[in-house]
Every structure is written in C-alpha cells, then in structure tokens.
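S.K.: Need coordinates for the below:
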Amino acid sequence: MIAFVIIIALYHTVETALAHATGRYRTMTQLDTSHLDPTVSVTVRPSVNVVALLGRLPSNRELHLPNDTLVLDSGTSHHMVKDASLFDAWHTRSHIAVDGAGGSLMAQGTGSITIRTSKQRTIKLCNVYYVPDLPANLISVMQLRRERVYTHFGKTIELRSQGQLIGVASLIANQLSTLDATPIRSTVSPVAAAAIPLLTLHQRFGHLSLPNLRRAVSSGQLQGQTWTYSAAECKAFSCDTCKAAKATRTPFPTSDSRASQPLELVHSNVLTLPEPATDGECQEHSLHCHQYSKEVSQVCGRSRHQLPVCSLQALSARWCSP
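M.R.: Okay, the predicted model is just below:
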C-alpha cells in the first residue's frame, strides 16, 4: 500500500514538472475546460466576483492605480476594462448586465485590445467587455487560457505561451496582482467614436438618411468615425424633425384640389349672410373654421349632410329672431 502511494506521488510530481517545462500547466481555476477548443468562442454572460473585488480593491486612490493598470483576476469570466481609449477594435455594441454585481455594473459592448508585456511580447485580447463603472481593468485568467496563454501561480506569477515566459505579474496590496504589461493605445479610439448617439450623428450631418450615412462612414469619408450601430438601433431610430419635414397636409380632397393649368383656382370660400328670420321661426347655421387656411365661412343649411366635405371642424349655433 505504501509503495502504491509513493508511485502515485512520483507520477504526479513528474507530470507537474513536465507541464511546467512545456507550458501546459493548468491554471488554478475551479472550472476545468481543458477538453474545450480554445479557438471556439462560447457565449457566456460576463460575471465577476464584485464583492471580493471591491473588498480587495477599496479605491484606486488608495492603491494609486493608473487607469491603464491591468489587474490579473482568476474570478472574472471575461476581460473587462473601464477605459474606452484602450480599445483598438469594436465588435458589438449592446448593454449587458454583469453577473455577480447585483445590477450595479453594466457592460456597454465588446472589443479587442492589444497589450505589450515587460518581455516585449505583444498579446491581442479579444472579447473584452467595456464596463465604465469597473473599479479596475481586469484580465481574466480563464480567457488568457483560451488564447493559449497559461498562468503559473508559484513564488512568482508567470505567463507562459508555448513553453516560453512572455510576462509576469506583481503582487500588490490586498492579495491583488497587477500584470506587468501596458496597453497599446490606438490613435483613434473606435469606442469613443461609437459612443456618439445615432440621433446626434444624424443631426450633425444635416439629417442624412441612415443608409447614406452608413455608406459615408464605410467608405472612409468620415475620418475617425466607425459604424457600430446594430440593426435593432437602426430599426428603432426616429427623428422628429425629419418626420415633420416629410409630413404632407391636404386641407381639401385631392380629387378636387388638382389644377389642370398654372394659377388655376382650386378652392374659394364664400361668405353668405343668412336671411332674416320671421317670428317664431329658427334657422340653423353652422360656423366653420378651417384648420389650415384659418378662413371663416358661414354656410346655411337645415340638414347636416348638406355641409361641405372639406370642413374639418363645425360649431353649430341656433339663430332665432328676437
């Protein structure tokens, strides 16, 4: 029995040593996804242990963390950054609540960022969530593993890829570790450009239609602007100014208001005074106020079906002789 235990212990020791040597060391995470293809993207809602994070990270002012500091975190499901200027590409633009935060954190889209480690190695991180209210920029250990970058937690925290050391992390206060890497900022941030509301962009360019506006952005005529608006946003788009400009008013029936030649009279209002009423005799008069031309006409009649079709509002009054 003792010999069997010794053999098992030696086997695990040799296996661990080989894994360290080849860079296949499994990260210290609760979920084992070694059987999954790292290149296949799995749709999972972003989550973070915000209670533990906020407990370890009271405030950036206390820890003196710059905005471009990258915190290595094994408890978050995705890469998350709070600075929009770190993005160099924009993938989706939709608001998603971050699980584990009780609705207090909201992701506003995903994109990709590029970082350069202290070993002068460049790593492109995809599927990075933009969370403006995040206390710090979080680099997910699980997502690094999907990109074939393995984290080794030992006396030092090392990042290895294909058996080579490509980066290290430093332990700071409250058991947090910061990645010894700096983001490569893009000259023009696509996220900052996409943050302009669609209605504002539409108004700034003279109420240009959305298809033409999108064509102008795609062709590069609008430098620094990237079209990141979803189909749902375009479908729900509404401009009151454009609606008012396109509205047509036809105060009279179309069939009766078409002129066959220039300057032809198509309508006239005639004011007819009522005849004096005899004793005990009443006449019904209708006062019509046209909604558009603001002209007033008085039409005499005893039955309501004799009233003109073009009148939109009628105020009936009874006129009796004194």
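S.K.: Correct me if wrong, but residue 145 is in a helix.
M.R.: Yes - the assignment for residue 145, made by DSSP: H, G, I helix; E, B strand; the rest coil, places it in a helix.
S.K.: From residue 115, how far off is it?
M.R.: Using CB to CB, to the nearest Å, residue 145 is found at 16 Å from residue 115. Heads up, the C-betas are built off the backbone N, CA and C, glycines and all.
S.K.: just residue 208 next, same as before
M.R.: Residue 208 is 38 Å from residue 115, where distance means CB to CB.
S.K.: More neighbours: the two, which one.
M.R.: Neighbours were counted for residue 208 and for residue 115 using other CB atoms under 10 Å; residue 115 has more, 21 against 15.
S.K.: which residues touch the more buried one?
M.R.: Neighbouring residues of residue 115 by CB atoms under 8 Å, 6 or more residues apart in numbering: 70, 122-123, 125, 179, 181-184.
S.K.: secondary structure class for it?
M.R.: Residue 115 is classified as strand under three-state DSSP.
S.K.: Show me the beta-bridge partners of it.
M.R.: As for beta bridges, residue 115 partners with residue 123, residue 183 under DSSP bridges.
S.K.: so how far is residue 196 from it?
M.R.: Remark: distance between residue 115 and residue 196 (CB to CB) = 27 Å.
S.K.: now swap in residue 79 and tell me
M.R.: Taken as CB to CB, the span from residue 79 to residue 196 is 24 Å.
S.K.: Check residue 73 too.
M.R.: Residue 73 sits 31 Å away from residue 196, taking CB to CB as the criterion.
S.K.: More neighbours: which of those two?
M.R.: Neighbour count, other CB under 10 Å: between residue 73 and residue 196, residue 73 has more, with 25 against 14.
S.K.: Count residues in the vicinity of the closest residue to the more buried one other than its chain neighbours, would you?
M.R.: Leaving aside its sequence neighbours, residue 73 sits nearest to residue 138 (CB to CB, 6 or more residues apart in numbering; 4.6 Å). Residue 138 has 27 neighbouring residues, counting by other CB under 10 Å.
S.K.: for the stretch 1-150 of the chain, what are the low-confidence residue spans?
M.R.: 1-6, 8-64, 92-94, 100-104 (pLDDT under 70).
S.K.: Could I get the full set of strands for it?
M.R.: Taking DSSP state E, counting those that start in this stretch as the test, the strands found in the stretch 1-150 of the chain are 70-73, 80-81, 89-92, 96-97, 106-107, 110-117, 122-130, 137-140, 150-153.
S.K.: do you know which of those strands lies nearest residue 247?
M.R.: strand 89-92 (35.5 Å; CB to CB).
S.K.: which stretches of the stretch 151-300 of the chain have low pLDDT?
M.R.: Residue ranges of the stretch 151-300 of the chain with pLDDT under 70: 173-175, 186-195, 223-224, 226, 228, 248-259, 265-300.
S.K.: Do you have the strands of it handy? List them.
M.R.: Under DSSP E, counting those that start in this stretch, the stretch 151-300 of the chain gives strands at 157-161, 164-171, 177-179, 181-183, 282-289, 296-300.
S.K.: Roughly how far does the closest residue to residue 207 other than its chain neighbours sit from residue 229?
M.R.: Computed as CB to CB, 6+ apart, the closest residue to residue 207 that is not its neighbour in sequence is residue 242, at 5.6 Å. For residue 242, the distance to residue 229 equals 17 Å [CB to CB].
S.K.: next one: residue 220
M.R.: 17 Å.
S.K.: quick one, which of these two is more surrounded?
M.R.: Taking neighbours as other CB under 10 Å, residue 220 and residue 229 compare with residue 229 leading, 19 against 8.
S.K.: Got phi/psi on the residue lying closest to residue 67 once chain neighbours are set aside?
M.R.: The shortest distance from residue 67 to any non-neighbouring residue, by CB to CB, 6+ apart, is to residue 83 (5.1 Å). Main-chain torsions, residue 83, degrees, to the nearest 10: phi -110, psi 120.
S.K.: Could you count how many residues lie near residue 83?
M.R.: The burial count for residue 83: 19, using other CB under 10 Å.
S.K.: And for residue 225?
M.R.: By the other CB under 10 Å criterion, the neighbourhood of residue 225 contains 18 residues.
S.K.: Would you check that it makes contact with residue 217?
M.R.: Yes - in terms of CB atoms under 8 Å, residue 225 counts as a neighbour of residue 217; the distance is 5.3 Å.
S.K.: got any residues that touch both of those two?
M.R.: With the criterion set as CB under 8 Å, 6+ apart, the contacts of residue 225 and residue 217 do not overlap.
S.K.: So residue 106 is in contact with residue 98, correct?
M.R.: Yes - assessed by CB under 8 Å, residue 106 is found in contact with residue 98 at 6.9 Å.
S.K.: Could you check what's spatially nearest to residue 179, not counting adjacent residues?
M.R.: Residue 179 sits nearest to residue 70 (CB to CB, 6+ apart), 4.2 Å away.
S.K.: All good on my end, thank you.
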